[in-house]
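# Return a 3D structure for these sequence lines:
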Amino acid sequence: MAVAADSYAPFATGAGADTGEETWRSFMKYALGGDGVIVGAGLDVEPFADSTGMQVKLRTGEVWIQGHWGKVSTTKVLPITNNSSGSTRLDRVVARCDFDADRIEFDVLPGLPGTGVPLAPTQNTSRWEIPLGTVTVPTGSVTIAATRMLDERPPVGGPLRYKTTLTTAHGTVVLGTGGEAFTYWERRGPKAIRVGGTIKFGGAGLDASYDAISIALPAGIKTVTQYEQVGWAKLWTPSTSTSWWGQVFVPSDSSTIQPWFAFANDIGDMQPWQAANAAGVTGTGIPEIAGQYSVQQNGNITFGADINIQ
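Model (predicted):
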């Protein structure tokens, strides 16, 4: 004899047809594997600051919270309250599903000055909040700079994209015509992220100055101060149709990582990926790349790393 489940939904008739708001949340909260920002929708509800006063902003995108869906069609502006406490304050930007008001909304939770810890999101039968970012608010602040925002978005449906930059000690790498960077990241815990991507080099206009090339981490992310870390990297060079396997060097207390490779003439010698040895002096081996990338246009690098962060 079959025995019915204690609760079930949604169905056309019977006990399973009584699908109210609470029942809806009970099963729909599992549909996307959890709560968070829906990856690939709009600009992933990215939180950012741009020194335009005591405020932070959210880009377009969609969120999924306990089975409820919300969409940001235009950039949202969230005010940051003044801080005259004498101590730095950490505020938390949240997306909220208000079960009593029946709506999705966004807010900033002011922290307690001097504690060094933002408030935890509220998650109960009245409201359910998910973190989007942490904002550092020094005492006496009159504006919020980009570097004051730490991204905390939990993704659903895959890792989040981010826009990286490539730099050397002597300038920013210009990818050239047709060049592009697809980079991603996702949290692997409160103090850990997974980062990776593929960077393609274009044709005319490609320029990397000289010295070791670094890849920027997501905005606001810095590696732990106690130790160095490593990941993996692969460089494909069209001049030889060769794939060069190496590692991503992850310095301590850093907002960038660096690809390093073993040279063909000394397999045990790990060297940084660079365009030239000095100003006007092209690299002499692979994966050092000739000046202005005259040989290496349309090549690409792929990388990935699990990183412990501050």
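# Every contact and neighbour count from this point should use C-alpha atoms.
OK.
# Would you check that Ser243 makes contact with Leu235?
Yes - using C-alpha atoms under 8 Å, Ser243 makes contact with Leu235 at a distance of 5.5 Å.
# Looking only at neighbour counts, state which of those two leads.
Ranked by neighbour count (other C-alpha atoms under 10 Å), Ser243 and Leu235 place Leu235 first, with 23 against 15.
# So in terms of bridging, what pairs with that one?
Trp244, Ile301 (DSSP bridges).
# Can you show me the strands along the stretch 201-310 of the chain?
With DSSP state E, counting those that start in this stretch as the criterion, the stretch 201-310 of the chain has strands at 214-216, 229-237, 242-250, 256-263, 266-272, 276-278, 281-282, 300-308.
# So Ile307 versus Ile65, what's the distance?
Ile307 sits 27 Å away from Ile65, going by C-alpha to C-alpha, to the nearest Å.
# Revised request: answer the last question for Thr172.
Separation of Thr172 from Ile65 (C-alpha to C-alpha) stands at 39 Å.
# try Thr81
Separation of Thr81 from Ile65 (C-alpha to C-alpha): 26 Å.
# More neighbours: those two, which one.
A count of neighbours by other C-alpha under 10 Å puts Ile65 above the other of Thr81 and Ile65, at 24 against 14.
# how close does that one get to Thr237?
Between Ile65 and Thr237 the computed distance is 44 Å (C-alpha to C-alpha).
# Please apply the same query to Gly246.
With C-alpha to C-alpha as the criterion, Gly246 and Thr237 are 13 Å apart.
# repeat for Val72
Where Thr237 is concerned, Val72 sits at a distance of 41 Å (C-alpha to C-alpha).
# Same check on Pro190?
Using C-alpha to C-alpha, which is the criterion applied here, Pro190 is 37 Å from Thr237.
# More neighbours: which of those two?
Ranked by neighbour count (other C-alpha under 10 Å), Pro190 and Thr237 place Thr237 first, with 20 against 10.
# Find the nearest non-adjacent residue to that one, please.
Closest residue in space to Thr237, ignoring its immediate chain neighbours: Gly299 at 5.2 Å, by C-alpha to C-alpha, 6 or more residues apart in numbering.
# helices and strands of the chain: which one bottoms out on pLDDT?
Within the chain, judged by mean pLDDT, DSSP states H and E, the helix or strand with the poorest mean is strand 281-282; its value is a mean of 59.
# In the stretch 151-300 of the chain, where is pLDDT below threshold?
For the stretch 151-300 of the chain, applying pLDDT under 70 flags the ranges 203-206, 208-209, 239-240, 263-269, 275-297.
# Which elements pack onto the helix or strand that contains Thr183?
Secondary structure from DSSP states H and E places Thr183 in strand 180-189. When contacts are defined as 3 or more C-alpha pairs under 8 Å, 6 or more residues apart in numbering; DSSP states H and E, strand 180-189 packs onto strand 160-162, strand 192-200.
# helices or strands up against the last one?
Applying 3+ C-alpha pairs under 8 Å, 6+ apart, one finds that strand 192-200 makes contact with strand 180-189, strand 300-308.
# closest to Leu132 out of these?
Leu132 sits nearest to strand 180-189 of all the helices and strands packed on strand 192-200, at 12.0 Å, using C-alpha to C-alpha.
# Next, the angle strand 192-200 makes with that closest one.
170 degrees (axes from the mean of the first three to the mean of the last three C-alpha atoms, to 10 degrees).
# Mind listing what's buried along strand 180-189?
By neighbour count on 16 or more other C-alpha atoms under 10 Å, the buried set for strand 180-189 is Ala181, Thr183, Tyr184, Trp185, Glu186, Arg187.
# Many thanks, I have nothing further to ask.
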